[in-house]
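Enquirer: Show me how the following folds:
(one chain, ligands or ions: 1)
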Amino acid sequence: MEKANSEIINLITNRRSHRKYVNKKIPKDIIETIINCGRNAPFGGNPKPDCQVTEYIVIEDQKIKEQLALQYEDRQFIKDAPVIIAVLANKDNDPKYKEYILSSALAIENMILASESFGIGACVLSCFLYHEKHVEDKRISREILKLPDNIELVALLSLGYKDNGEEIPNKELRSYKETVHFNTYDNK
Ligand SMILES: Cc1cc2nc3c(=O)[nH]c(=O)nc-3n(C[C@H](O)[C@H](O)[C@H](O)COP(=O)(O)O)c2cc1C
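Expert: Next up is the predicted model:
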């Protein structure tokens, strides 16, 4: 087998979501590096600025974090995250194929992995994109963030240095055999 960069493989396979953080500020240059990793993810279309759909709001203001947390009943940890990044998609930059959710999702995973490399824990929260019963929560979140109509709120990403006391639930995955098919779906 070819030799892989095992640090990268281990970072990816051992990554977990983190929802408890220590009260320590994340330096500005680290936030910038994390976002630049997001900005370098693949995006639909040509590698040109007008195809780059994903935009970011770096939220450190405690009042805004608390206002957002109100829309997320069981996700109160976001108000204790030193930083929340609201991940947005500018729909004007993808009017034809509407692949902006996928482009922004790839940016999110890049940022999660970059955060891990700094020892910073992350948790992604979907923003009620497809939840009928949360239409009002989404409207309020959009209002808090002052989003114009052409900007989709894709996700919030909470970031913070990991609290070693956090209990992380055991992870159980469906088996490789169950989830991987070869050439056609009926072939295992
Ligand atoms: C689309 C999506 C939505 C998610 N929404 C939430 C959420 O609302 N609250 C939360 O605590 N975690 C959320 N997560 C994190 C998942 O709970 C977590 O990734 C999953 O349980 C697998 O665990 P792991 O990330 O530790 O491997 C979300 C993840 C994704 C991809």
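Enquirer: Any chance you could list what contacts stretch 127-140?
Expert: Under the criterion CB atoms under 8 Å, 6 or more residues apart in numbering, residues 70-72, 101, 141, 152-156 lie in contact with stretch 127-140. The way it works is simple: take the backbone N, C-alpha and C, and place the C-beta from them, glycine included.
Enquirer: how close does the nearest residue to Leu173 once chain neighbours are set aside sit to Ile112?
Expert: Once flanking residues are discounted, Leu173 sits nearest to Thr179: 8.0 Å by CB to CB, 6 or more residues apart in numbering. To Ile112, Thr179 is 21 Å away according to CB to CB, to the nearest Å.
Enquirer: now Glu172
Expert: 20 Å.
Enquirer: on that earlier part again, compare Thr179 and Ile112 and say which one has the larger neighbour count.
Expert: Ile112 (23 against 9; other CB atoms under 10 Å).
Enquirer: Look up which helix or strand the more buried one falls in, please.
Expert: Ile112 is part of helix 100-117 when elements are defined by DSSP states H and E.
Enquirer: Report the central residue of the chain.
Expert: Nearest to the geometric centre of the chain sits Ile108, at 3.7 Å (CA atoms, centre = their mean).
Enquirer: pLDDT score for that residue?
Expert: We have a pLDDT of 98 for Ile108.
Enquirer: What of Leu129?
Expert: 66.
Enquirer: for Arg139, same thing?
Expert: Looking at Arg139, its pLDDT stands at 89.
Enquirer: Near it, how many other residues are there?
Expert: Using other CB under 10 Å, the number of residues around Arg139 comes to 12.
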